[in-house]
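Asks: Pasting the sequence and the predicted model now:
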Amino acid sequence: MSDAQLESAETSGMAAAAGRVASVPPSFNIDWWTMLADPGFLTNPYPDLKRIRELAPVHFDPVSGVYFVMGHKEFGQMAKTQAMGRDTTYWANGWSSPENRKNDPETYELFIDFQPQMINANAPDHRRMRGVFDKAFRPRDMMRHLPMIEDECRKLLDEMPVGEPFDFMAGLGNPLPNRISLKLFEIPEEMEGQIGKWISDLSWLGNIVMTPEQKRNAKQSNKDFKQFVKEHLERLKANPGDGPISMALAAAEDGTMDEEETLNNVVMLISGSKTSLTLLGNGLVSLLKHPDQFAQLRADRSLMPRAIEEMLRFEPGSSIIPRAGVEDFQCGEVLIPAGSLAIGLVGSINRDPERFEDPDTFDITRKPNHHSAFGGGAHICIGKALARMTTEVAFNALMDRFGRIDLAGEAEWWTDRSDQRGLWSLPLIVSPE
């Protein structure tokens, strides 16, 4: 968004605010959907997000009827209340409305098939399903997988070229989370390519806009992925182990989850490798662009946990977090009516100066650091401990093996999606000294 557009929006918004009724947000004439899809914005969204947040912490788009939550405090309120939920069938004008079901049956069929799972459910169904898997993803329970994570990381580092440029995302950032996910769910290594394609196709379900081709691919991949999971669970019934697979089988057996819920939740958990993937790329490029911070981390590895939290705050992998109004909700000074969709813009929330001192500075010693990269409330990311552990292992291993880690070109950000922020490529050159 240009300075001129923002100046015009601010003038319009101030005029609207002067005569507005309490709890009604002013309109700043922001073209949200053009901005959120603009490649320039997606490459570096933070200047625009900052200027828009300075206008107001909560915005309303009269064109789409969607609310945008920009402030840290306001998002925290929305994430924690049961008046706003993740079940988007409560969105009156959304994909499940009678009108949209009639006009766009393909989208309806796609989303209704994907709907029965914990990330799309409100209480009490959300807690019923999440409770099945929580134990597998607690930090202390994840520790037993540390040797496996270290081993997978070592294998990829052994293949990393020394003294010549290569793409970190292709060499480690993408494959490491995927291979860890395969191990956790006892999936054969030869399925890595097929699973990766299914995850990629399904990831578009979280984007604001999908092309017809993306919808078709997502629908087919969802069908094929669920069929694979169904057969995979059947194969492991006799010897399910003690990980998430055994938990899924037990919940299906005792009726805690029905078959669709079981399959959808397992597909979602396998696909959660995207969380680690974006953290690895976004985190490393943040360190490389702030060499003083990278040097400080090298000198004091005890800073790694705080550094990872700052990576998550500074360059979050999740860009939008939706909530649908179950009932009217007062979000800061704005009333969000029942049936509305509200979207938290994480890049703005994580740099709100009302919560973070000097928010545009990358500071690996920042404490406290209550960012929203993993969401918040009951729906906070179930795989957060795994993402943190994977990143700590990978970055410690990189620094142990290579005395020099340098950019070999410009990092290329995803510019074809609005829901996630990650890297197509991160050119590096590494050497022992």
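Replies: Structure's in. What do you need?

Asks: So which residues of the protein form strands?
Replies: 58-61, 66-69, 84-85, 166-167, 320-325, 329-331, 334-336, 341-345, 404-407, 412-413, 423-425, 427-431 (DSSP state E).

Asks: what lines up beside the fifth one in the sheet?
Replies: It stands for strand 320-325. In the sheet, strand 320-325 lines up against strand 84-85 (antiparallel), strand 341-345 (antiparallel) (DSSP bridges).

Asks: Contacts for that strand, please.
Replies: Applying CB atoms under 8 Å, 6 or more residues apart in numbering, the contact partners of strand 320-325 are 75, 78-79, 83-91, 94, 206, 208, 336-346, 372, 375, 418-419. (C-beta placed from N, C-alpha, C; glycine too.)

Asks: what's the residue closest to the geometric middle of the protein?
Replies: Nearest to the geometric centre of the chain sits residue 318, at 3.2 Å (CA atoms, centre = their mean).

Asks: Would you check that that residue makes contact with residue 376?
Replies: No - checked against CB atoms under 8 Å, the pair residue 318 and residue 376 is beyond contact range at 11.2 Å.

Asks: avg pLDDT for stretch 396-405?
Replies: In this model, stretch 396-405 has an average pLDDT of 98.

Asks: how far does it stretch from start to finish?
Replies: 12 Å (CA to CA, to the nearest Å).

Asks: Please state the offset of that stretch from the chain centre?
Replies: In terms of CA atoms, centre = their mean, to the nearest Å, the centre of stretch 396-405 is set 27 Å apart from its chain centre.

Asks: got the contact list for that stretch?
Replies: With contacts defined as CB under 8 Å, 6+ apart, stretch 396-405 is touched by 150, 153-154, 157, 162, 284, 288, 294, 297-298, 301, 304, 428-433.

Asks: switch to 6 Å and redo it
Replies: Identification of contacts with stretch 396-405 by CB atoms under 6 Å, 6 or more residues apart in numbering yields 153, 157, 298, 430-433.

Asks: Confidence-wise, which of the residues you listed comes last?
Replies: Ranked by pLDDT, the contacts of stretch 396-405 bottom out at residue 433, which has 83.

Asks: Excluding chain neighbours, what is closest to it?
Replies: residue 403 (4.4 Å; CB to CB, 6 or more residues apart in numbering).

Asks: Counting neighbours, what do you get for that neighbour?
Replies: Neighbourhood size, residue 403 [other CB atoms under 10 Å]: 11.

Asks: Longest helix of this protein, counting residues only.
Replies: Assignment by DSSP state H gives helix 212-236 as the longest helix of the chain.
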